[in-house]
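**Q** Next comes the sequence, and after it the predicted model I'd like to discuss.
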Amino acid sequence: MSTSISRGPFDVWAPRPERVRLSLAGEVVDMVRGDDGWWTPAEPVPSTDRVDYGYLLDDDPDPRPDPRSRRQPDGVHGLSRRDASTYEWGDGDWTGRQLAGSVVYELHLGTFTPEGTLDAAIGRLDHLLDIGVDLVELLPVNAFNGTHNWGYDGVGWFAVHEGYGGPDAYRRFVDACHAAGLGVVQDVVHNHLGPSGNYLPLLGPYLKDGRNTWGDLVNLDGDGSAEVRRYILDNVRMWFEELHVDALRLDAVHALSDTSEVHLLEEMAVETAAWSAHVRRPLTLIAESDLNDTRLVTPREGGGHGLDAQWSDDFHHAVHVALSGETAGYYADFEPLEALAKVCEKGFFHDGTWSSFRERDHGRPVDTAHMPTWRLVVANQNHDQIGNRARGDRLAEHLDDDQLACAALLTLAGPFTPMLFMGEEWAASSPFQFFTSHPEPELGRATAAGRIAEFEKMGWDPAVVPDPQEPETFTRSKLDWDERSTGRHAVVLDCYRELARLRRTLPDLTDPSFGSTSCTVEGRLFTMRRGELLVVVNAGEEPATLEVGEREVLFQTPSGVSVDGGTLAVPPHGGALLGSAATIR
């Protein structure tokens, strides 16, 4: 993995100001500018560990934080602190986790436990092992203004939010995951910066003209963009090298505006592969993209960007509509049950077809003859698909236990890389709502108004949208771990445990060939063949039967199914996984 030129601990790239001074432990030190726009202290400065510092720009009396700060103990508006950690890692024998065949578990640290910290999350790792998780994916943890947030308003890309425990707590969490056999995926945001505490434009051309959905565009291809790209690439390396993560989930890569000859994503792939070779363990890049275009994950030698995997929202939409019947907004095109069959066989539903929500053709076909299915990461619920609903309501609020078990069956026995969202495995009763804690009243009001506007096209009632600034919006989103062993929660949890066991036992469930999956639809009865296995889901309101021959029921939803004389009887909303005679032997 290539690196930037070696710099001193207090050097800073700031081509815009005419004068930069270092504020260090109450002292002010002049800095000298080089031809490349980098400033360095004019005299030797002791690089004392854990010292607080900032930069005085021109005549501004307030010091600004380091763009590469590893710690912001007093928030994103405060001084930076050197984090020359002496943490002693215990994962020297860790050989990593590949994405192929794995189960991913997405969680938000602030709501995963009552304490909302990295150290508290360590205490729940046994639960993740119990349900077959291989990789733990954390929503963004970088520094943001306020006490709680989804994480996508971050401005300190190199710093771990102090409320979660800071960088050493992050190291303890990763170390504990590795000791338990779990890999760590970190969600990172490089397509925009949050609305409070972003001082980068004062230092240099980090942004360019234009906006995406969330803010000003990052300058990836204009004047000064070489240093901006290096800034991002060094951030990628930090997560892998300094914090030992196993994978990065790259937020909304379709919002990266880059016309360079070599796209930033390809550079990420090249440098990540180089570092992976050095540490001799798999390091993975997973893109969130709404483009339905697998050129992102096509290897570089095949003309693609060379990322490892990408999200497929089409799977979520197809499963959601099949089980819930909801067809508002972008769900409308997925109303036929055949949409689920197409997604499972072809990877995307929209692969060049008309999208009524977008009002244009959308997507490109997947090269199913050559691409492995594990390159698509899918979920029946995730932070976006729950949190961006008007009330942040989960599937458990609308579906019965059999339907929830069917959602798990389709996800964990399907052809793609499954991702679970925290609490879905026990039908958690808590919502996951959109919450913020902007200290600036005007920003809080603007955020609340923006949420109302977002829901107009989905047809949801704005009156039920919770105020993201209300503290209760955050607290009601916390998981209630005590409910796992009671009522329907225990029933659904047992389904996830059993499916996890089968996934690790039956090779057909992790076969990455599109050719090993074929689907049929008869009325509201859906079947999916996975090699010698058969998944059956009755999405209808009436009992259904299916001729299955000599097969054994390996898994069934809570209401049960029956096989008599080679005929499978499936109750409404029920489902099953069946093995063939060959599987039974």
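**A** Thanks, I have it. These numbers were taken from a predicted model, which means no experiment stands behind them.

**Q** now Leu420, which residues is it bridged with?
**A** In this entry, Leu420 is beta-bridged to Tyr105, by DSSP bridges.

**Q** List the residues that contact it.
**A** In this structure, Leu420 makes contact with Val103, Val104, Tyr105, Glu106, Ile131, Val133, Ala379, Gln381, Thr411, Tyr496, judged by Cβ atoms under 8 Å, 6 or more residues apart in numbering. For every residue, glycine as well, the C-beta is placed using N, CA and C.

**Q** One more: Trp89?
**A** Shown here is Trp89, whose contacts under the criterion Cβ under 8 Å, 6+ apart are Arg171, Asp175, His244.

**Q** from what I can see Thr259 touches Ser225, true?
**A** No. Here Thr259 lies out of contact with Ser225, judged by Cβ atoms under 8 Å, at a distance of 10.2 Å.

**Q** For these two, work out which one has more neighbours and name it.
**A** Each of Thr259 and Ser225 has its neighbours counted (other Cβ atoms under 10 Å); Ser225 has more, 19 against 8.

**Q** Leaving out sequence neighbours, find the closest residue to that one.
**A** Counting by Cβ to Cβ, 6 or more residues apart in numbering, Asn219 is the residue found nearest to Ser225 once chain neighbours are left out, at 5.0 Å.

**Q** so how many other residues sit close to that neighbour?
**A** 23.

**Q** how much space between it and Leu207?
**A** According to Cβ to Cβ, to the nearest Å, Asn219 stands 6 Å off from Leu207.

**Q** Then Val537?
**A** Here the criterion is Cβ to Cβ. By it, Val537 lies 47 Å from Leu207.

**Q** And these two? Which one has more around it.
**A** Each of Val537 and Leu207 has its neighbours counted (other Cβ under 10 Å); Val537 has more, 29 against 19.

**Q** Just say helix, strand or coil for the more buried one.
**A** Put simply, Val537 is strand when judged by DSSP: H, G, I helix; E, B strand; the rest coil.

**Q** Pairing partners for it in the sheet, please.
**A** Judged by DSSP bridges, the bridge partners of Val537 are Phe526, Gly575.

**Q** Next up, the contacts around it.
**A** In this structure, Val537 makes contact with Ala322, Cys406, Leu409, Leu410, Leu525, Phe526, Thr527, Gly574, Gly575, judged by Cβ under 8 Å, 6+ apart.

**Q** For the residue nearest to Ser225, what are phi and psi?
**A** When read as degrees, to the nearest 10, the backbone of Asn219 gives phi -80, psi 100.

**Q** residues in contact with it?
**A** Under the criterion of Cβ under 8 Å, 6+ apart, the contact list for Asn219 reads Pro205, Tyr206, Leu207, Lys208, Ser225, Val228.

**Q** Report the separation between Pro415 and Glu88.
**A** Counting by Cβ to Cβ, the gap from Pro415 to Glu88 is 42 Å.

**Q** on that earlier part again, quick one: which of the contacts of Trp89 has the most company?
**A** Of all those, the highest neighbour tally under other Cβ under 10 Å goes to Arg171, namely 22 neighbours.

**Q** surely that one meets Thr86?
**A** No. Arg171 is not in contact with Thr86 according to Cβ under 8 Å; the separation is 10.6 Å.

**Q** can you pull the pLDDT of the closest residue to His438 other than its chain neighbours?
**A** Residue nearest to His438 in three dimensions, not counting chain neighbours: Gly444, with 4.5 Å by Cβ to Cβ, 6+ apart. At Gly444, the pLDDT value in this model is 86.

**Q** now do the one 10 residues further on
**A** In this prediction, Glu454 carries a pLDDT score of 69.

**Q** Okay, and which of the contacts of Asn219 map to helices?
**A** Applying DSSP state H to those, the entries found in helices are Ser225, Val228.

**Q** Name the pair among the contacts of Asn219 with the greatest separation in space.
**A** Leu207 and Ser225 (10.6 Å; Cβ to Cβ).

**Q** And stretch 46-63, how far out from the chain middle?
**A** Taking the mean of its C-alpha atoms, stretch 46-63 sits 34 Å from the chain's own mean (Cα atoms, centre = their mean, to the nearest Å).

**Q** average model confidence for it?
**A** For stretch 46-63, the per-residue pLDDT values average out at 90.
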